[in-house]
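Visitor: pasting the sequence and the predicted model now:
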Amino acid sequence: MRGIGIASLFTTADKILFLFSFTLITASFFYFWQSSPASYAVIKSEQQDALTINLNEPQLLHIQGMLGVSTLEVKQGQIRFVTSPCRNKICIQSGWHHHGGAVSACLPNRISVQLASHVSNARYDAIIF
Amino acid sequence: MTTALTKISIGHQDKLVAGFAALAITIHLLESTLPSPIPGIKPGLANLVTLYVLIRHGWVLAANVSLIRVIAASLLLGSFLSPTFAMSLAGAIASLTVLGLAWHCPGKPFGPIGLSILASMAHISAQVITAYLLFIPHSSLFALLPILLTTALISGTFGGILVCKILQRIDNLKNT
């Protein structure tokens, strides 16, 4: 009987609103959580300025890092480390990256690659208080 | 010469606002001590006072109680004019606006549960937008939105049920 008691507290509009919100939220999971394919990558190294590249132009990049030169390959919207003068080669083993928001890095060589679906023109990354 | 005294008359409405604001501030302070898994997720029990006042005493009183609560609680917690305060105020203004619109809908279709859901969803959406505009201008922030909206729907529904029960109990008390 208790269940019926709670159901009777909802008006018709409340029920419609609840179902509408539920649908909207379910849709928002799909909308905000889908990873769109990346089209740009930002390559940062301690040794040189940040580089923004288009992932749809096939090329080999030679990036100067702290230990030496790392080679990155760009092909069909993907990017990977090909060679790197680090010890464990984790960056190379991580393979191809193509999702927006994905990050790859060679920490020993101080090089990071961040993938994005559009070129960011934000003035700040974040503000901390 | 006698000093001119301005007599401030305290009406019934003022007493109601003061009493409900005090209640809301107390709940707000107690709630701020609860641990939260993600910033922004909390039961929002202080807003139930706003909802009760809206249903029983109208929107103007509810707006008074809500805004006094946000300002007074921030002064007591030491967060006045801080980012937390900005988000709290934005949430309060958004939920008051939505409550005002829903409450004055022709035919008053929404019950306490519907009003509570609308208010909590407006509250959290305004907070995320404020956080995005002022503090974290990064689109990844919106990845939190589905989770926050889910908790808003759950806490809004339970809050609305609680307000229904409170209204029933108070009516029972008045009738006895």
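Guide: Yes, it's here.

Visitor: and stretch B:163-172, what's buried?
Guide: Counting neighbours by 16 or more other Cβ atoms under 10 Å in any protein chain shown, one finds that the buried residues in stretch B:163-172 are B:163-164, B:166-167. (C-beta placed from N, C-alpha, C; glycine too.)

Visitor: so what's the residue nearest to the spatial centre of chain A up against?
Guide: Nearest to the mean C-alpha position of chain A, by Cα atoms, centre = their mean, lies residue A:101 at 0.8 Å. Taking Cβ atoms under 8 Å, 6 or more residues apart in numbering or on different chains, we find residue A:101 in contact with A:35, A:38, A:115-117, B:140.

Visitor: other residues contacting the top helix by length along chain A?
Guide: Of all the segments of type helix in chain A, defined by DSSP state H, the longest one is helix A:12-33. Contacts to helix A:12-33, defined as Cβ under 8 Å, 6+ apart, come from residues A:10, B:109-111, B:113-114, B:117-118, B:121, B:142-143, B:145-146, B:149-150, B:153, B:157, B:160.

Visitor: what subset of the residues you listed is buried?
Guide: A residue is treated as buried here by neighbour count (16+ other Cβ under 10 Å); on that basis the buried members of those are A:10, B:110-111, B:113-114, B:117-118, B:121, B:142, B:145-146, B:149-150, B:153, B:157, B:160.

Visitor: of these, which belong to strands?
Guide: Among the buried ones among the contacts of helix A:12-33, none falls in strands (DSSP state E).

Visitor: can you tell me which of those is closest to residue A:64?
Guide: The closest of the buried ones among the contacts of helix A:12-33 to residue A:64 turns out to be residue B:142 (Cβ to Cβ; 35.8 Å).

Visitor: the nearest residue to the closest one once chain neighbours are set aside: how many residues sit nearby?
Guide: With Cβ to Cβ, 6 or more residues apart in numbering or on different chains as the measure, residue A:32 is the residue that lies nearest to residue B:142, at 5.3 Å, once sequence neighbours are left out. Number of residues near residue A:32 (other Cβ atoms under 10 Å in any protein chain shown) recorded here: 17.

Visitor: how is chain A divided into domains?
Guide: The record's domain parsing of chain A by automatic domain parsing lists A:2-33, A:40-116.

Visitor: how about the shortest one: buried residues?
Guide: By neighbour count, and taking 16+ other Cβ under 10 Å as the criterion, the buried residues in domain A:2-33 are A:9-11, A:13-14, A:17-18, A:21, A:25, A:28, A:32.

Visitor: what are the boundaries of the strands in chain A?
Guide: A:40-45, A:51-54, A:59-64, A:69-75, A:78-83, A:103-106, A:111-116.

Visitor: please work out which of these is packed deepest.
Guide: Among the strands of chain A, strand A:111-116 has the highest mean neighbour count (mean count of other Cβ atoms under 10 Å in any protein chain shown), at a mean of 22.

Visitor: what residues are up against the most centrally placed residue in chain B?
Guide: Nearest to the centroid of the C-alpha atoms of chain B, with distances taken as Cα atoms, centre = their mean, sits residue B:47, at 3.3 Å. For residue B:47, the contact set (Cβ under 8 Å, 6+ apart) comprises B:66, B:95, B:116, B:119-120, B:123, B:159.

Visitor: hang on, it in a helix?
Guide: Yes - counting by DSSP: H, G, I helix; E, B strand; the rest coil, one finds residue B:47 located in a helix.

Visitor: got the buried residues for stretch A:82-100?
Guide: Neighbour-count burial for stretch A:82-100, counted by 16+ other Cβ under 10 Å, picks out A:84, A:86, A:91-92, A:94, A:97-98, A:100.

Visitor: tell me the two of these that are most distant?
Guide: Taking Cβ to Cβ as the measure, those reach their widest spread between A:86 and A:100, a distance of 25.8 Å.

Visitor: tell me which helix or strand of chain A sits lowest on mean pLDDT?
Guide: Within chain A, no helix or strand scores below helix A:2-7, which has a mean of 67 by mean pLDDT, DSSP states H and E.

Visitor: residues in chain B within reach of chain A, list them.
Guide: Residues of chain B lying close to chain A by Cβ under 8 Å from any Cβ of the partner chain are B:82-83, B:109-114, B:117-118, B:121, B:134-138, B:140, B:142-143, B:145-146, B:149-150, B:153, B:157, B:160-161, B:164.

Visitor: measure the nearest residue to residue A:105 once chain neighbours are set aside to residue B:108 for me?
Guide: For residue A:105, ignoring the flanking residues on the chain, the nearest one in space by Cβ to Cβ, 6+ apart is residue A:112 at 4.1 Å. In this structure, residue A:112 and residue B:108 are separated by 56 Å, where distance is defined by Cβ to Cβ, to the nearest Å.

Visitor: again, but for residue B:135
Guide: According to Cβ to Cβ, residue B:135 stands 37 Å off from residue B:108.
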